[in-house]
Every structure is written in structure tokens, then in C-alpha cells.
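A.B. asks: missing the sequence, but the structure's below:
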Ligand SMILES: Nc1ncnc2c1ncn2[C@@H]1O[C@H](COP(=O)(O)OP(=O)(O)O)[C@@H](O)[C@H]1O
Ligand SMILES: [Mg+2]
């Protein structure tokens, strides 16, 4: 305990922590944002190309099974070190939950809603934006939330390829055999993950149209 | 209003769901399609708004081939109601109702006044329900919204696929009444698919009976009850409904199916024993193939002791057929002073027997059912 307080009191460490928190957030959020930009349209596309859905989802889940350190190391020959390989690797990890939830979310739209939309004369675009996306919104958002929480954790490893973030503090702790530094780097990661989970959860509920909020009020 | 000319639909798997269908639906007419499950009713309906496209033949709406419309515009000009209701759960009732007007670019004020005009037509107060969500309404209320949603953009033609099929009987009846009232007022052309004959008889101006992708019979409800084209239609219309109109019953529906018979080479004494045992006063004489040869009555046997049935039987007497009207059979019996009529098919094979008793039974059953229903 003492050791931690000592580490935290040191103004130089404080300055380092502040930069690392910012770096960590930038790394994580950039990866998740990019993954969202790719996976949501890709998920929509898969619902229009059913036959490709299963193979594509399988390939994307394979990425998840690669050990993160291995994936990061694998990036180095192609992209060198720094944020680029880190963001690329994190982006690849973030894809699956968003892709899968977008696909299943849209798949799960009540066929009756879809049929009446079509029968009432909606175009494909209108069907997507007025019916499918609003109805799949919750599921897609929860995919993004899962990805964000996971990526904030894994961004710690970005330090291995010199991308900075709170992983630097943890690595420093390892090399100095200082539990204080390890904890000073690790705890903010956990806090950020919890905050992201809470915040995105709130956002998800706030943005869900009233007509879809079923579970509230508890049934 | 809608014309089908040699329309067929073969699905990708090769299944021919609709087969050379011809039909003309008049403006303002309420037409019900009915038939066994899988006979092609839904397919036929969905071809009208091009949710399915015919693989042969032409469908025209207002004289124009539907393939020349833009499908999206065609659909916006035709109301559509489905059994699963299909309200959008994330939209309010008002947003659901005004959807097609919105797609058509009506301004907000016009849409709102349309919603406020439509909701009272199905007994829902706009002030109270406008901003609610579908899940806050009962199934019956939801389908009322489904119906006015289809009316919103003032289409001339409305397609309804078993719209009340999922509702409980009481709600269903009241929606049927409301729809009938709306139709009387608005004079829309309505194509309505159902599997409920009561519903079809109640709502339709004309009923289209479909079987195996073909139009089997087209008739007004009254004609259908009076002249079902064949046994299939009669079955479909239902015995109890025909029985409710006893003059429409056919002989086959009331006849005794196993009358007491005797071989022509039986002795007379034996014939008398059979009559006593079975408590009948006449026997029908048939050969080994059930072909009707003649008949003997107890009266005739009284004075003869010897010989075979064949030697004394009558060979000339009135008979009737299974699909003859019960009423005709009754007149025939009455005129000939008979108490029964053998029923034979076209090959002369004995298939049953109607007696004055069976007729009275059928009649009283019909009256009793009638009394119960009213
Ligand atoms: N999309 C489809 N693909 C292949 N076959 C279909 C499709 N829709 C319906 N069918 C078949 O076509 C026949 C008629 O179906 P449908 O029009 O739905 O009948 P109904 O509405 O009278 O019950 C059925 O045998 C059904 O299995
Ligand atoms: Mg059907």
C-alpha cells in the first residue's frame, strides 16, 4: 500500500500516468471506432448474403483465438512498431462482437415487421434505416460495448510494440520489480473498462426507442 | 380493378403454387379467397403487389399490367394487412399509421389530421392512443391499427392475408363487423384471404374457392351454399352449414350406408328370417358385386312359401343417387308412396338407403341446430 502511494505521489509518475491514460484511450477508442465502421456495414452486408455469413464469421472468430501477444508480434515485420500495429491488432479483435451482433441483430428483426415494411412500399434503404437498424440497435450497441471493454483491457499489451498506453507503466513495474507501478498501471485500465461498460450501457438504454424498452419495470 | 389472366407461379424449387389462374375482381368488390392450407391463396395475393412475381400470365390493376409499375410505388398504392399484424414496435401508433403517407411525402399537418380521422373509425381515441407504442395495445387493438394503417394513404385496393386469424373469436367477430362497416362506407376493393368459411360467408361479396393452385369455384356466399360445385366444395362449406339449410342437404349426407341386403338365390323362408332378425320390412337384393338387382317386401312374401328371392323380387322401382338433393328424394318418395329409396351410384352399385325416418331425423337435426344458433 505504502509502495503504491509513494509511486502515485511522485509528480513524474503522475505526469506519465496522465499521458498513458490518454494514449490508452486513444488506442482503444480508435480501434473500436474503426472496427465499428467496418463491422456494422459488413454485418449488414452479410444479412444480404446469407451464404457467406457462416464462413466469414468463422474466419473472424479465428482471429479471436490467436494469442494477443502473438498477433502483435506478427504485425511487427509488416508494420514496424508504434501505434499502427497496435491499432491494427486491436481493431481485428474488436471486429467479431460487433460483426456478429450486427448480423444476428438484423437477422432477429421480426419477419412480420419486415414483411409489412416491404408490403407497404419501403425501399431497401428505407427498410434498413427505418426498420432494421432501429430494431437491431440494442443488439448492435451491446456488441460495441463488449468490444470496447475487451479492447481497453487488451490495449495494455500495446506497450509491447511501443504504442504506449498504461501497458508502459505495467512493463516498467515488471522491469523494476515494483508492484506499485504495476498496480498504478493496471487499476486505471480496470476502471476505464468498467466506466466504458457503464457509460455505453446507459447510452444504449437512453437511445433505445421507448416502444422497445421491454425489460424495464421488470417482467 | 384486378384481373388475372393465365397467371402461374412456380417457386424456385419447381413447386407450382398457382396454376393458370383467371379471375376478374370488380371495383368496390369484397372478394374472399378460401381453400385448404397450401392451395396458393397467399401466393396469389402477394403477386398483386409484387411481393411475389408471376412466372407466367399477366395481372393488371386498373387495366395496367403490374409489371409496368415500379414495385415500390405499386405497393404504396395498395393497402396491405397481414395476420402477424407487423406493426413497427419502435414507432408510436401515430407513426405506424402515417407511415405510407410519410413515404409518399405528405406534410406533417396532413399526416396528423389523417391519423386523427382514421383512429375513431376503429373506435380508438387519437388523444389517448396516438403516442402509445404497439406493445401497450391488445392484439385486437393492434390489428385495428393494422387495418387503418392500410387505409392511411387512401388506396383503392386493399390486400388482407388472414388478418383476423390470430385473434380470439370474440375480438375476431367485432373486427369483422367493423371491417364490414368500413367497407360499406368506403367502398374499397378488398382482397381477403381466410381459412374460415364463416368469415368468408359473412364478409365476401364473392368467394373464390381455391384448390391446388387453381380457382375451383367462384360464387356469392348464397350461391355457394345453394350450389356447391362438388363434394370438395360441400365438404369445405361444411356439413353443419348445409344442414342449417336442410333443402341443400344431399342424399349421401343422410343415407344409411349399410342397408340390409339379400342374395337373389336365397330361399324365401330365409329372407323372412332375416327381416325378422333385422327388424326391417323389406330387403334389397344385390349380387356379389353389390349391384342392386331388385327388392322384396314382407307384404309380398306373406302369400308365397316356395322359391328363391329372385323369383319374387320386384325389379322396377324408383332409386336415387348419392349427390341428389334430399329434397328431390323426398318428393320422389312422397309421389311413389314409398317409405324408402335405395341409393345407387352411376354403375348401379348399391351405396345406401334413405328412409322417411332418416329424412325426418335430418330435418329435425337441422331445425334444432338452427334454433340453437339463433
Ligand atoms: N417462398 C416459397 N418458396 C417455395 N415454395 C413456397 C413459397 N411460398 C409458398 N410456397 C409453397 O407454395 C404453396 C402455396 O403456398 P401459399 O400460397 O402460402 O398457400 P396458402 O396461403 O393457400 O396456404 C405451398 O405448397 C407452399 O409450400
Ligand atoms: Mg397463406
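C.D. replies: Alright, I've got the coordinates. The structure presented is a predicted model; accordingly, all values stated were derived computationally and were not measured. Residues are numbered from 1 along each chain as shown, chains lettered A, B, ... in the order given. Ligands and ions are numbered 1, 2, ... in the order given.

A.B. asks: Can you list the helices and strands that the host helix or strand of residue A:200 packs against?
C.D. replies: Following DSSP states H and E, one finds residue A:200 within helix A:179-207. If contacts are counted by 3 or more Cβ pairs under 8 Å, 6 or more residues apart in numbering or on different chains; DSSP states H and E, helix A:179-207 sits against helix A:2-9, helix A:11-48, helix A:133-154, helix A:166-176. Using the backbone N, CA and C atoms, a C-beta is placed for each residue, glycine as well.

A.B. asks: Tell me what angle that helix forms with helix A:133-154.
C.D. replies: 180 degrees (axes from the mean of the first three to the mean of the last three Cα atoms, to 10 degrees).

A.B. asks: and residue A:90, helix, strand or coil?
C.D. replies: Under DSSP: H, G, I helix; E, B strand; the rest coil, the three-state class of residue A:90 is helix.

A.B. asks: residue contacts, it?
C.D. replies: Contact analysis of residue A:90 by Cβ atoms under 8 Å, 6 or more residues apart in numbering or on different chains lists A:27, A:28, A:31, A:32, A:151, A:154, A:155, A:158.

A.B. asks: quick one on the thing from earlier: residue B:48 is nearest to which of the helices and strands packed on helix A:179-207?
C.D. replies: Of all those, it is helix A:11-48 that lies closest to residue B:48, at 25.8 Å by Cβ to Cβ.

A.B. asks: quick one on the thing from earlier: just name the most buried of the helices and strands packed on helix A:179-207.
C.D. replies: Most buried of the helices and strands packed on helix A:179-207 by mean neighbour count (mean count of other Cβ atoms under 10 Å in any protein chain shown) is helix A:133-154; its value is a mean of 22.

A.B. asks: Look up the closest residue to residue B:265, ignoring the ones flanking it.
C.D. replies: Closest residue in space to residue B:265, ignoring its immediate chain neighbours: residue B:308 at 5.2 Å, by Cβ to Cβ, 6 or more residues apart in numbering or on different chains.

A.B. asks: ok, what's across the strand from that neighbour?
C.D. replies: Taking DSSP bridges as the rule, residue B:308 bridges to residue B:267.

A.B. asks: distance of it from ligand 1?
C.D. replies: Using Cβ to the nearest ligand atom, to the nearest Å, we find residue B:308 at a distance of 57 Å from ligand 1.

A.B. asks: do the same with residue B:333
C.D. replies: Counting by Cβ to the nearest ligand atom, the gap from residue B:333 to ligand 1 is 42 Å.

A.B. asks: That residue reaches residue B:327, doesn't it?
C.D. replies: No: when contacts are counted by Cβ atoms under 8 Å, residue B:333 is not listed as touching residue B:327 (10.9 Å).

A.B. asks: more crowded one of the two?
C.D. replies: It is residue B:333, of residue B:333 and residue B:327, that has more neighbours when counted by other Cβ atoms under 10 Å in any protein chain shown, with 19 against 15.

A.B. asks: what about that one, which helix or strand?
C.D. replies: With secondary structure defined by DSSP H and E, residue B:333 is part of helix B:326-335.

A.B. asks: how much space between residue B:163 and residue B:208?
C.D. replies: 17 Å (Cβ to Cβ, to the nearest Å).

A.B. asks: Kindly report the same for residue A:32.
C.D. replies: In terms of Cβ to Cβ, residue A:32 sits 57 Å off from residue B:208.

A.B. asks: got it, and residue B:22?
C.D. replies: Taking Cβ to Cβ, one finds residue B:22 at 11 Å from residue B:208.

A.B. asks: Can you check which residues contact both of those two?
C.D. replies: Listed as contacting both residue B:22 and residue B:208 by Cβ under 8 Å, 6+ apart are residue B:215.

A.B. asks: Show me which of those two is the more surrounded one.
C.D. replies: More crowded of residue B:22 and residue B:208, by other Cβ under 10 Å: residue B:208, with 23 against 13.

A.B. asks: what residue ranges in chain B score low on pLDDT?
C.D. replies: Residues of chain B meeting the criterion pLDDT under 70: B:239-248, B:363, B:365-374.

A.B. asks: same thing but at 80, please
C.D. replies: Applying pLDDT under 80 to chain B picks out residues B:238-250, B:253, B:299-306, B:327, B:358-374.

A.B. asks: how about the residues of it near ligand 1?
C.D. replies: Contact residues (Cβ under 6 Å from any ligand atom) of chain B with ligand 1: B:11, B:13, B:15, B:17, B:35, B:37, B:38, B:39, B:40, B:41, B:42, B:43.

A.B. asks: from these, which two are the most distant?
C.D. replies: Among the residues of chain B next to ligand 1, the pair separated by the greatest distance (Cβ to Cβ) is B:13 and B:35, at 20.6 Å.

A.B. asks: Settle it for me: which of those two has more neighbours?
C.D. replies: residue B:35 (24 against 5).

A.B. asks: count of neighbours near residue 59?
C.D. replies: No chain specified, so I'll use chain A. Per other Cβ under 10 Å, the neighbour tally for residue A:59 reads 10.

A.B. asks: right idea, wrong chain: chain B
C.D. replies: Residue B:59 is flanked by 21 other residues according to other Cβ under 10 Å.

A.B. asks: Can you spell out which helices and strands pack onto the helix or strand harbouring it?
C.D. replies: If you go by DSSP H and E, residue B:59 is part of strand B:56-61. Strand B:56-61 sits against strand B:2-10, strand B:16-25, helix B:41-48, with contacts defined as 3+ Cβ pairs under 8 Å, 6+ apart.
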